[in-house]
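Undergrad: from the sequence below, what's the structure:
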Amino acid sequence: MLRLIFLLCFVVSIHSLSSQNFTKYSEIGLMGGVSYYIGDLNPSRQFFMPRLSGGIIFRYSPNRRFTWRIHGLIGSIQADDARSNNAYQISRNLSFRSQIIEAAGILEFNFFNYEVGNPTTPATPFIFGGIAMFRYNPKAELDGQWIALQPVGTEGQGSTVYGDRKPYSLITGSFPFGFGFKAHAFGRLALSAEWGMRRSFSDYIDDVSKTYADPDVVFAANGPVGTQLADRSLVNPGKANAGRQRGNPETRDWYSFAGLTITYKLVPRKADCAAYN
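TA: Numbering: from 1, shown residues only. Now for the predicted structure:
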């Protein structure tokens, strides 16, 4: 699915280059900034443990108030219970990091009329929303190595005892939304800044969702590595925690991209007719 979205983005971009009527309202550019995560290991802190992110963006503006956009972004997210101010989290002692690869279709709404290269519509705040597909792969450090967590079934996935806990997919969807500010710089160049949240369809971006599994079951299904990564509690780790809460299954994980974008308008804007000035 993720490859299909990237292919569609590529096809639309190539088509736009061959369509004069389409390209005169289009921009292409680069975005750079940071990404971060909110979930079981970071319930509420914005911009907690941010990592660098970047990507490609394409905009098509059929009028001065609405802009259609597709983008492909790559970033990283991470969290660590040891950096929490919550006593339970510190004792739980879980951590992870993951790369995020996102492809999205977005609709932007400009609060003011805006057109790149038009001195009468130089800038505007905007809001946006859309749909995205993304790939993630949570990993945790063990003895100096970063181990992928999905294959080792830390919550009993892959065992017959926990038959309702299937291995989670590493590709899923999200709803991006946020706000920003855009302005043209000079010539065909424009700048924008934005902050956007993503409400994901998954509760396993951090590999944490339900209760602790019986360590004997995890060992039988996935070996000693799964057992070590499933329960890293500082107090009484092991069989005593089986059935106790490890995460919150009633919520979904979130991630965010925030940054600056520079775009180039594919066709220069024609000057207004003097009769209408």
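
Undergrad: which stretches in the chain count as strands?
TA: 26-38, 51-60, 66-80, 95-110, 123-135, 139-142, 145-148, 171-186, 189-200, 254-265 (DSSP state E).

Undergrad: which one of the ones you listed lies closest to Lys210?
TA: Of all the strands of the chain, strand 95-110 sits nearest to Lys210, with 15.7 Å by Cβ to Cβ. For glycine as for every other residue, the C-beta is placed from the backbone atoms N, C-alpha and C.

Undergrad: so where's this protein uncertain?
TA: Applying pLDDT under 70 to the chain flags the ranges 1-23, 270-277.

Undergrad: correct me, but Pro237 touches Asp231?
TA: Yes - Pro237 is in contact with Asp231 according to Cβ atoms under 8 Å; the separation is 4.7 Å.

Undergrad: more neighbours: those two, which one.
TA: Remark: of Pro237 and Asp231, Asp231 carries more neighbours, 23 against 18, as counted by other Cβ atoms under 10 Å.

Undergrad: for the more buried one, what are its contacts?
TA: With contact set as Cβ atoms under 8 Å, 6 or more residues apart in numbering, Asp231 has these partners: 212, 215, 237-238, 241.

Undergrad: redo that, cut-off 6 Å
TA: Contact analysis of Asp231 by Cβ atoms under 6 Å, 6 or more residues apart in numbering lists 212, 237, 241.

Undergrad: now do the last one against Ile106, distance only.
TA: Summarising the geometry, the distance separating Asn241 from Ile106, computed by Cβ to Cβ, to the nearest Å, is 42 Å.

Undergrad: go on, Ala258?
TA: The gap separating Ala258 from Ile106 is 15 Å, by Cβ to Cβ.

Undergrad: from memory Trp146 sits against Lys139, does it?
TA: Yes - assessed by Cβ atoms under 6 Å, Trp146 is found in contact with Lys139 at 4.4 Å.

Undergrad: more neighbours, the two?
TA: A direct count of neighbours by other Cβ under 10 Å for Trp146 and Lys139 places Lys139 higher, at 19 against 11.

Undergrad: mind listing what that one touches?
TA: 97, 146, 148.

Undergrad: Throw the residues you listed into CSV and include distance to Arg188, thanks.
TA: Formatted as CSV, the contacts of Lys139 follow (distance: Cβ to Cβ, whole Å):
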residue, distance to Arg188
Arg97, 38
Trp146, 43
Ala148, 44
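
Undergrad: closest one of those residues to Ile127?
TA: Arg97 (30.4 Å).

Undergrad: what about the residue nearest to that closest one when sequence neighbours are not counted, distance to Arg69?
TA: The shortest distance from Arg97 to any non-neighbouring residue, by Cβ to Cβ, 6 or more residues apart in numbering, is to Gln78 (3.9 Å). Note on Gln78: its distance to Arg69, by Cβ to Cβ, is 27 Å.

Undergrad: next one: His184
TA: Distance, His184 to Arg69, by Cβ to Cβ: 16 Å.

Undergrad: equivalent analysis for Ala123, please.
TA: 17 Å.

Undergrad: of those two, who's got more company?
TA: Arg69 (19 against 14).
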